[in-house]
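J.: The amino acid sequence is not available; the structure is as follows:
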């Protein structure tokens, strides 16, 4: 039985991307919320946040916003970047997002930033390191954060558990949420040859605060998390299973490269909404029969 | 097999492999290159971790390549967007070479990828491995100033009409809008920009002459704009930006028609380039 979720269900949302600003401002599409990339609205190191922040503030008047970061580098062995966290906290105070998320990864070390979501070994050492840092970040921000599972192209021999056990243990120990990227689960299941359904079944349902859906591309034997294509059928199938397992969770479609017009994105969002509706109805019918 | 690497050792090694400018294969096989240039760039990892990558049908080098290619292409794409005019001038191949060399000298240490190019102009000015027109560094500086203007803080106008405070007060000091960037180039940069923005064909030689130009880049009505500015006017605006009192700021530039100064001053106020005045001592709004 699914325990009560720690995060409110915001319904279906989309990623807020610059090419769609005008369309959203003019036509006010009927969506509950948008996910904004935190760093796009935090400005430069020695400067303010200027125009981008103003745009986000204007959208905030009409929509719920969640902030999604790419540079927290929670898994790095560098010190936590409190200059970054201070800017993030200040942004959150202005925007009042429903929640703040980032990725379960590292993005650089020794002060350098690779600007990529790099994988971690699934070890107890990494868990201890991550849990301690997540707790410090949550204390600093004064709120529970969500962390997203990332796509990866390498794994490590010294990993001591599966990715899903790693993710579950960290979220339970650090008392944080999970931003479940179903495309990343699928990409990794192909790249590292595991059963994606086993992954979903092992996660703690009450900690799934948000779901990402996205497209990927193929490069030889590997699937690459490129966010430049429609959601594939396999990912939609996994999403159906996720809805059965986790119930109605805030869900959004990501599209970051070769960005199509807004109507294409809206169609993907509508498809997600239809699946949630179908699966929820089916679950309710089953419950009624059992009762 | 050696002992498993610590998380820190693994991260040092991976960062090294992914960002090594020679590519993954060379980085894996020859981790200690003898390079004189950018010695600091080649910080050595403590140990090789290649043996700790899971083997599969696709070899480890090919998998690491995904990250290495992603690292370079992501930054290249971002800088091509931020320095589109510079790229257009130097051409695709030279621009790619410039970014590659730039990353060796200045690996990104910022959290936003949009800020990676902050030192690109200075790097171009010193880079001599490919022949570039001397004004290319100034063009890159102009493009970076544009980004700074875009991200600069907004300024909320004073509630009172500060313009009334100006009359008869020759010690007054002004607030210049935070987005204002002033460029003094010894090349005809403004002419070059007009030609570039009109998409006309460019012969770099046409701009290789000492013909100084002043430019102002600023954000107004939420759009970033630029204008050419007479060098004396540029200096006056720079004086005002440095919070020099108005009488002194103007008296330093004797060779310009007072009517021209007056017209421009009015225009700066109207366009929000001058957006307030400072009180003596405490620097607050009047």
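T.: Everything's here; your move. Remember, predicted model here, so these are calculated numbers, not experimental data.
J.: Give me the three-state assignment for the residue nearest the centre of chain B.
T.: Centrality entry for chain B: nearest residue to the mean C-alpha point is residue B:144, 2.7 Å, by CA atoms, centre = their mean. Of the three states, residue B:144 takes helix according to DSSP: H, G, I helix; E, B strand; the rest coil.
J.: Quick check: closest non-adjacent residue to it.
T.: residue B:121 (5.7 Å; CB to CB, 6 or more residues apart in numbering or on different chains). Bear in mind the C-beta positions are built from the backbone N, C-alpha and C, glycine included.
J.: Rounded mean pLDDT for the host helix or strand of the one you found, please.
T.: For residue B:121, the host element (DSSP states H and E) is helix B:120-126. Taken as a whole, helix B:120-126 has a mean pLDDT of 95.
J.: Run through who's touching that helix.
T.: Outside helix B:120-126, the residues within contact range by CB atoms under 8 Å, 6 or more residues apart in numbering or on different chains are B:79, B:83, B:86, B:98, B:101-102, B:105-106, B:132, B:136-138, B:140-141, B:144.
J.: go with 7 Å
T.: B:79, B:83, B:98, B:102, B:105, B:106, B:132, B:136, B:137, B:140, B:141, B:144 (CB atoms under 7 Å, 6 or more residues apart in numbering or on different chains).
J.: Over to stretch A:242-261?
T.: Applying CB under 7 Å, 6+ apart, the contact partners of stretch A:242-261 are A:2, A:5, A:7, A:9-15, A:17, A:19, A:35, A:180, A:182, A:200-201, A:205, A:208-214, A:226-228, A:231, A:265, A:268-269, A:272, A:275-276, A:279-280, A:283.
J.: Keep only those that also lie close to chain B.
T.: Contacts with chain B are made by none of the contacts of stretch A:242-261, judged by CB under 7 Å from any CB of the partner chain.
J.: So among those residues, which ones count as buried?
T.: With burial judged by 16 or more other CB atoms under 10 Å in any protein chain shown, the buried subset of the contacts of stretch A:242-261 is A:5, A:7, A:10-15, A:17, A:35, A:180, A:182, A:200, A:205, A:208-214, A:226-228, A:231, A:265, A:268-269, A:272, A:275-276, A:279.
J.: Of the residues you listed, which belong to helices?
T.: A:182, A:200, A:265, A:268, A:269, A:272, A:275, A:276, A:279 (DSSP state H).
J.: Identify the farthest-apart pair in these.
T.: A:200 and A:265 (24.4 Å; CB to CB).
J.: Excluding chain neighbours, what is closest to the residue of the stretch 151-286 of chain B found nearest chain A?
T.: Closest approach between the stretch 151-286 of chain B and chain A, counting by CB to the nearest CB: residue B:153, at 3.0 Å. Ranked by CB to CB, 6+ apart and with sequence neighbours excluded, the top spatial neighbour of residue B:153 is residue A:48, at 3.0 Å.
J.: do residue A:171 as well
T.: Per CB to CB, 6+ apart, closest to residue A:171 is residue A:207, 4.6 Å.
J.: returning to that earlier point: now the contacts of helix B:120-126 as CSV including distance to residue A:87, secondary structure and pLDDT?
T.: As requested, the contacts of helix B:120-126 are arranged in CSV below (distance: CB to CB, whole Å; DSSP: H, G, I helix; E, B strand; the rest coil; pLDDT from 0 to 100):
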residue, distance to residue A:87, secondary structure, pLDDT
B:79, 22, helix, 97
B:83, 25, coil, 97
B:98, 30, helix, 96
B:102, 25, helix, 94
B:105, 26, helix, 88
B:106, 22, coil, 91
B:132, 35, coil, 86
B:136, 33, helix, 94
B:137, 30, helix, 95
B:140, 26, helix, 97
B:141, 25, helix, 97
B:144, 20, helix, 97
